[in-house]
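A.B. asks: structure for the following, please:
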Amino acid sequence: MQRMLSTAIAAWRNLVKRLSVDWLILTAGTLTVLLAMVLLAAGPIYANAVTESALRASLLHGDRSTTTIVVTVRTRPADHPVVDQVVNTAIEDALTGVETQIVRVVDAETLELPGQDGEGPVDLAQLRSMEGIEEHTTLVAGGWPEGAGETAVSQAAADLLDIAAGDVVTLFDRRDSREIPVEITGIYRPDDPADGFWNDDPLVTDAVTEVGRFRTHGPFIMTADALSLATPRVSATWTASPDFSTFEAETSPTGFWS
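C.D. replies: Next up, the predicted model:
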């Protein structure tokens, strides 16, 4: 009997030892599986965080020309309000969740300046309507145009063409042999020609551009209504400059991370 009891006790001790070893193995295996699950779950989160951070840095510090949306449409002045609504809606949908500055510029077809002698370059005037220009310029003489036949020009253009506030310049539309007199109501100076508002326009910095035998001067700023009376067709440009410091990946309707 005592021998049987000793054998039973020995077997129990052996079982306990084996179970303790198996328990350590089971515990280690369980911990390994849990760690693997944590790493698998954290992987996409880390990848998304790194990707979003890299994208944000690229957008913030990239070349402005690669992060700006520019839309140009030739249209009749009467159709411009409808086109403007369509373009604005498309830009806002594309940049949902990102604060965006939209600059609207409407250019008339160029008109000839007076004093042409038929020899040498042809000098043209660029009439333009530019929403918000008053906030980015300083008037150095006169005031902003308010009605038909009124315009303001940059100081650089005024100096180049030798015109001043109060002068009347008679422009000529060769397309329909029409004279268009405009009064120079004011002279302005851009506060910062490098500001994104101007979209690196050479007319702003140089007051003249030259292509072949044509030299274009300006811009001659008019109200939108006055511009529509001066030309049968216009070229409208929308320049959207997103502020990507406000960008959040989850606000993107196009699903950057899908």
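
A.B. asks: who are the contact partners of the residue nearest to residue 210 when sequence neighbours are not counted?
C.D. replies: Distance criterion Cβ to Cβ, 6 or more residues apart in numbering; nearest residue to residue 210, sequence neighbours excluded, is residue 121 at 7.0 Å. Quick note: C-beta positions are derived from backbone N, CA and C, even for glycine. Going by Cβ atoms under 8 Å, 6 or more residues apart in numbering, residue 121 touches 210, 213-215.

A.B. asks: buried members of these into ChimeraX, please.
C.D. replies: Entered in ChimeraX, the line below selects the buried ones among those, by 16 or more other Cβ atoms under 10 Å:
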select :215
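
A.B. asks: now, which of the contacts of residue 121 sits nearest residue 106?
C.D. replies: Taking Cβ to Cβ as the measure, residue 106 lies nearest residue 214 of those, at 20.4 Å.

A.B. asks: next one, pLDDT for that closest one please.
C.D. replies: pLDDT for residue 214: 92.

A.B. asks: can you pull out the strands in the stretch 151-258 of the chain?
C.D. replies: For the stretch 151-258 of the chain, the strands defined by DSSP state E, counting those that start in this stretch occupy 168-173, 178-190, 208-211, 214-221, 234-242.

A.B. asks: now those in TSV, with distance to residue 151?
C.D. replies: Output for the strands of the stretch 151-258 of the chain, formatted as TSV (distance: least, Cβ to Cβ, whole Å):
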stretch	distance to residue 151
strand 168-173	8
strand 178-190	5
strand 208-211	16
strand 214-221	4
strand 234-242	15
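
A.B. asks: for residue 101, which of those is the nearest?
C.D. replies: Using Cβ to Cβ as the measure, strand 234-242 is the one of these that comes nearest residue 101, at 4.8 Å.

A.B. asks: buried stuff in the closest one?
C.D. replies: Quick answer for strand 234-242 (16+ other Cβ under 10 Å): 234, 236-242.

A.B. asks: for stretch 145-161, same thing?
C.D. replies: For stretch 145-161, the neighbour count (16+ other Cβ under 10 Å) marks 145, 150-158, 160-161 as buried.

A.B. asks: also stretch 173-190?
C.D. replies: Neighbour-count burial for stretch 173-190 flags 173, 180, 182-188, 190 (criterion: 16+ other Cβ under 10 Å).

A.B. asks: try stretch 70-88
C.D. replies: 71, 77, 80, 83-84, 87.

A.B. asks: measure that stretch end to end?
C.D. replies: Start-to-end span of stretch 70-88 (Cα to Cα, to the nearest Å) is 11 Å.

A.B. asks: what mean pLDDT does it have?
C.D. replies: Mean predicted confidence for stretch 70-88 is 86.

A.B. asks: which other residues reach it?
C.D. replies: For stretch 70-88, contacts defined as Cβ under 8 Å, 6+ apart pick out 90-91, 102, 104, 106, 199, 224, 227-228, 231-240.

A.B. asks: hmm, try it at 7 Å
C.D. replies: Stretch 70-88 has contacts (Cβ atoms under 7 Å, 6 or more residues apart in numbering) with 102, 106, 228, 232-239.
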